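Visitor: got a predicted model here, sequence first, then my questions.
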Amino acid sequence: METEKETEVWYAMRATYRREPDAMRLLEKEKLGCFIPMQYKISMKKGKKVRVLVPVVHNLLFVHARPADVKRVKSKVTYLQYITDTRSGQKIIIPDSEMQRFIAVAGTYNDHLMYFQPDELNLSKGTKVRIIGGDFEGQEGIFLKVKGARDRRVVIAIQGVIAVAMATIHPDLIEVVDS
């Protein structure tokens, strides 16, 4: 069968009208991998403050599957759409290593993480680094100044989709990586 030869890849996708939870349930039912960057927000419920886990960017999700499986699921639901590169018009496919790094950080739901749209950061101004201790040991990213933070942060970016800046990391735990 044709699909058996295909390898699973990470797609950046949209679930329109804030239906990413519906999309995630559907993808899990179909046994396809899925990741939605989430964070805790304080909101009011019946006059009380409650801590709720919500998507960082509404409509954004990442799907890990073979192209034929994504096509099959997409044909069932109209609200699931590929995110395409604005310059080339190609579907955005994220390398496994990049996605694993992003999930390792974003999947912690750490309150000190900061998220950015791709055009909000100039990654070329930063330095490529590796973290050599602490919770994020082994992760690589770009060390640069981000708006809204007093000090420089290590940023992990999904090219053209989203970037996450980690909490402040002590300089002793960071080493520069040769590009």
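Guide: Now that the structure is in, tell me what you want to look at.

Visitor: for residue 125, which non-adjacent residue is spatially closest?
Guide: residue 144 (5.7 Å; CB to CB, 6 or more residues apart in numbering). All C-beta spots, glycine's among them, are computed from the backbone N, C-alpha and C.

Visitor: next: residue 160.
Guide: Using CB to CB, 6+ apart, the closest residue to residue 160 is residue 118 (5.3 Å).

Visitor: is it true that that neighbour touches residue 161?
Guide: Yes: contact criterion CB atoms under 8 Å: residue 118 and residue 161 qualify, at 6.5 Å.

Visitor: quick check: mean pLDDT across the host helix or strand of residue 25?
Guide: Element membership of residue 25 [criterion: DSSP states H and E] is helix 20-29. Throughout helix 20-29, pLDDT has a mean value of 94.

Visitor: before we move on, the earlier item: the residue nearest to residue 125: helix or strand, and which one exactly?
Guide: Residue-wise, residue 144 maps onto strand 140-145 under DSSP H and E.

Visitor: can you give me the helices for this structure?
Guide: Counting by DSSP state H, one finds helices in the chain at the ranges 20-29, 67-76, 96-106.

Visitor: and the ones you listed: which comes nearest residue 11?
Guide: Among these, helix 67-76 comes nearest to residue 11, with 6.1 Å by CB to CB.

Visitor: helices or strands next to the closest one in the packing?
Guide: With contacts taken as 3 or more CB pairs under 8 Å, 6 or more residues apart in numbering; DSSP states H and E, helix 67-76 sits against helix 20-29, strand 80-82.

Visitor: got a list of what residue 93 touches?
Guide: 9, 10, 11, 12 (CB atoms under 8 Å, 6 or more residues apart in numbering).

Visitor: how about 6 Å then?
Guide: Contact partners of residue 93, counting by CB atoms under 6 Å, 6 or more residues apart in numbering, are residue 9.

Visitor: indicate which one of the helices of the chain is closest to residue 45.
Guide: Among the helices of the chain, the nearest to residue 45 by CB to CB is helix 20-29 (17.4 Å).

Visitor: list the buried residues in the closest one.
Guide: 20, 23, 24, 26, 27 (16 or more other CB atoms under 10 Å).

Visitor: got a list of contacts for it?
Guide: Against helix 20-29 from outside (CB under 6 Å, 6+ apart): 15, 34, 36, 55, 61, 80.

Visitor: pretty sure the residue nearest to residue 125 sits against residue 124.
Guide: No: using CB atoms under 6 Å, residue 144 is not in contact with residue 124, being 9.2 Å away.

Visitor: between the two, which one's more packed in?
Guide: Between residue 144 and residue 124, counted using other CB atoms under 10 Å, residue 144 has the larger neighbour count: 18 against 7.
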